[in-house]
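> Structural data only, the sequence is not supplied:
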Ligand SMILES: [Zn+2]
């Protein structure tokens, strides 16, 4: 697996003069293609990345879900800051490149949104990150899953078992043939309980995926460990 820096067109460079890229963590102007300003890049969590076992699947995250990292991913997710997509994808791509160096992925996919959420938000934040990573890692991107049932947001539900049952049966493959015997990299933005990511990985496995590995930008880190 190779990790390449994204190439920018002349149009992107010109656009950047008028709408310069900013650091997702402190909002300072940065050079096109830099994932953060120098100060925030130095402070960014270095290896080892945060590893979690999500329902029997290995997952790696680039940052803890706290402080400026939570601020950046939440602005990206809820406040239209899609301009962060490459900057947020860079540390996730690096984490994947390091942690899964020996894995030969057939494709990258992401946790899908229900069409109602997609219509409200206008984009799927996890898909934007996954597609950017696919370019950097030279792995094809495939829409492998769809969300067929609308459910309540996980963060609005109290109770471990209620959260687990809230995601059951809401995801389906777009086409089972795409999944069978494939080694898949599954991307999401944030892991909280891991129920959503685990359920999506289960569906891929159920439809015959050879192996499923997960990666996210951020994860909740337990303070007790
Ligand atoms: Zn900064």
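Right, received. Where do you want to start? Predicted model only: the values in this text are computed from it and were never measured.

> Phi, psi for residue 112 please.
Here is the backbone geometry of residue 112 (degrees, to the nearest 10): phi -80, psi 160.

> Then residue 69?
Phi and psi for residue 69, reported as degrees, to the nearest 10, are phi -70, psi -40.

> For burial, what's the neighbour tally of it?
Residues lying near residue 69 (other Cβ atoms under 10 Å) number 24. For the C-beta atoms, the positions are set from N, CA and C on the backbone; glycine is no exception.

> cool, and residue 67?
11.

> Go ahead and name everything in contact with the helix or strand containing residue 197.
Element membership for residue 197 (DSSP states H and E) is helix 195-206. The contact list for helix 195-206 (Cβ atoms under 8 Å, 6 or more residues apart in numbering) reads 54-57, 59, 109, 111, 144-145, 154, 163-164, 166-168, 170-173, 179, 184, 186, 188, 191, 212, 214, 216.

> List, out of the residues you listed, those positioned next to the ion.
Checked against the ion using Cβ under 5 Å from the ion, these yield no neighbours at all.

> among those residues, which are in helices?
163-164, 166, 179 (DSSP state H).

> Let me have these in TSV, extended by pLDDT and distance to residue 204.
Compiled in TSV, the ones in helices among the contacts of helix 195-206 are given as follows (pLDDT from 0 to 100; distance: Cβ to Cβ, whole Å):
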residue	pLDDT	distance to residue 204
163	86	20
164	85	18
166	89	19
179	97	6
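
> Most neighbours out of these, which is it?
Neighbour max across these (other Cβ under 10 Å) = residue 179, 25 neighbours.

> how much space between that one and the ion?
39 Å (Cβ to the ion, to the nearest Å).

> Spell out which parts of this structure neighbour the ion.
Neighbours of the ion within the chain, by Cβ under 5 Å from the ion: 23, 25-26, 28, 37, 40.

> domain parsing for the chain?
Domain assignment for the chain by automatic domain parsing gives 7-44, 46-150+158-219.

> which of these is buried the deepest?
domain 46-150+158-219 (a mean of 18; mean count of other Cβ atoms under 10 Å).

> remind me which residues of the protein are low pLDDT?
The model of the chain has pLDDT under 70 over residues 48, 223-225.

> hmm, 50 instead?
Of all residues in the chain, those with pLDDT under 50 make up the ranges 225.

> That one: strands as residue ranges?
Taking DSSP state E, the strands of the chain run over residues 50-54, 57-64, 107-110, 145-147, 171-173, 183-191, 211-219.

> Tell me the helices and strands packed up against the longest helix anywhere in the chain.
Taking DSSP H as the criterion, the chain has its longest helix at helix 85-99. In this structure, helix 85-99 packs against strand 57-64, helix 67-78, helix 125-137, strand 211-219, with contacts taken as 3 or more Cβ pairs under 8 Å, 6 or more residues apart in numbering; DSSP states H and E.

> Give me the residues contacting the longest one.
Read it as helix 125-137. Taking Cβ under 8 Å, 6+ apart as the rule, helix 125-137 contacts 1-6, 73, 76-77, 82, 85-86, 88-90, 92-93, 96-97, 105, 107-113, 139-141, 143, 187-189, 215, 217.

> at 7 Å what do you get?
1, 3-4, 6, 76-77, 82, 85-86, 88-89, 92-93, 96-97, 108-111, 140-141, 187-189, 217 (Cβ atoms under 7 Å, 6 or more residues apart in numbering).

> before we move on, what about the last one?
Strand 211-219 is touched from outside by 50, 52, 54, 57-65, 69-70, 73, 88, 92, 95-96, 100, 103, 129, 183-191, 197, 201, 204-205, with contacts defined as Cβ under 7 Å, 6+ apart.
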